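sequence first, then the predicted structure, then my questions.
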Amino acid sequence: MPAFKVAKSIIIEASPEKIYSIINDYHHWPTWSPWLITEPAVSVEVKTGGKEYSWKGKRTGSGEMKIIKETSPLRLDMEVHFLKPWKSTSPVWFELKRLGQATEVTWGMTGSLPFFMFFMTKMMTAYIGMDYERGLRMLKDYVETGAVPSHLDFRGFHFYDGNKYIGIKTTCTMETLDAKMGDDFSKLSSWASKNTNQVTGPGFSIYHTWDVVKNKVVYTSAFPVKEIPNPLPDGFIHGSVPATKVHTIAHTGPYKHLGNAWTTQYMMQRNKEFRYRKGIDPFEVYVNMPGQVPDRQLVTEVHFPAV
């Protein structure tokens, strides 16, 4: 069977002992799990004093996980049994490395896919890696602050009126996305501040390409406008988003956790909870912006065109 291995790391400002006490007790798992946040109605049962846990959901499938070896506070070994959408068993581990007052936490997993999915090995490895990164970011917040500032509001279907926009189209890697988009919105906001009578709504970004295997992102950051300026500012483009039915999830919290909303949309689409409308790229609307409110109060609407 096609094999894969995933390992992702993060620096947490806490001792290995404190972190170990949290990852070694599944009662904490629902607070920072990158999967459980996508399905609030999932059924979770924690057993054996926090050493075993099972879940059953429509989007997240079903399975069981248990702690099989404790090497406190440096390593924790687990075993996960997936029951749906397919059956498999994989070892999972955490390794903790003390770095002065902080700790490097590595979360790893090895496993295999069914033979009929051999062609998806690279893509599945990339997506699992992204899930682990989402989870580690939430674990970091939970350990350091006692809470995870990421909330999803499932707003369902509504009609988006469409717009004309001016923007900046950029191609980058996933690692450089935040910096590139920050630069783009700095330029766009400078123009918008001088042309407030032309701007008709909050800024937004359209994602044209999101290729996890090739590590390639193509997006357009933009502001909706009454009329396209002539001439366009240097480096700007113009376009339009057509009026369309959309499926919307609003995320409240810092942008580093925005992947929770996007992942949930993809999971709901894959679970056939809505049908994606081809020909219109998904987009996110920034209801408020950094500097206007604290990061934990940032609201971003993630819209998937639907039929």
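On my side now, so go ahead. Residues are numbered from 1 along each chain as shown.

what residues are up against the closest residue to His257 other than its chain neighbours?
Counting by Cβ to Cβ, 6 or more residues apart in numbering, the nearest residue to His257 once its immediate chain neighbours are dropped is Ser150, at 3.8 Å. C-beta here means a position set from N, CA and C on the backbone, and glycine is covered the same way. Taking Cβ atoms under 8 Å, 6 or more residues apart in numbering, we find Ser150 in contact with Ile37, Met138, His251, Thr252, Gly253, Pro254, His257, Asn260.

try Phe223
Phe223 makes contact with Tyr165, Ile166, Gly167, Leu188, Trp191, Ala192, Val199, Gly201, Pro202, Gly203, Phe204, according to Cβ under 8 Å, 6+ apart.

what is the second one paired to in the beta sheet?
Note on Ile166: beta-bridge partners by DSSP bridges are Phe223, His238.

that one contacts Phe236, doesn't it?
Yes: Ile166 lies in contact with Phe236 (Cβ atoms under 8 Å); the separation is 5.2 Å.

other residues contacting the longest helix along the chain?
Longest helix in the chain, counting residues (DSSP state H): helix 121-145. With Cβ under 8 Å, 6+ apart as the test, helix 121-145 has contacts from 2-6, 8-14, 18-19, 22-23, 28, 31-35, 37, 105, 107, 109, 113, 117, 147-150, 212-213, 256-257, 259-260, 263.

in that helix, which residues are buried?
Residues of helix 121-145 classed as buried: 121, 124-143 (neighbour count, 16 or more other Cβ atoms under 10 Å).

just stretch 271-280 next, same as before
Neighbour counts over stretch 271-280 (16+ other Cβ under 10 Å) mark Phe274, Tyr276, Arg277, Ile280 as buried.

right, and out of those residues, which lies closest to Arg59?
Phe274 (12.2 Å; Cβ to Cβ).

name the SS class of the closest one, please.
State at Phe274, reduced to three classes by DSSP: H, G, I helix; E, B strand; the rest coil: coil.

that one contacts Met268, correct?
Yes: under the criterion of Cβ under 8 Å, Phe274 makes contact with Met268 at 6.3 Å.

shared neighbours of the two, anything?
Residues touching both Phe274 and Met268 (Cβ under 8 Å, 6+ apart): His247.

any idea how far the longest helix of the chain is from the chain center?
Centroid separation for helix 121-145 versus its chain: 8 Å, with Cα atoms, centre = their mean, to the nearest Å.

same thing with stretch 244-261?
Chain-centre distance of stretch 244-261: 9 Å, with Cα atoms, centre = their mean.

that one spans what distance, first to last residue?
The first and final residues of stretch 244-261 sit 20 Å from each other (Cα to Cα, to the nearest Å).

how about stretch 221-233?
Stretch 221-233 has its terminal residues 14 Å apart, counting by Cα to Cα.
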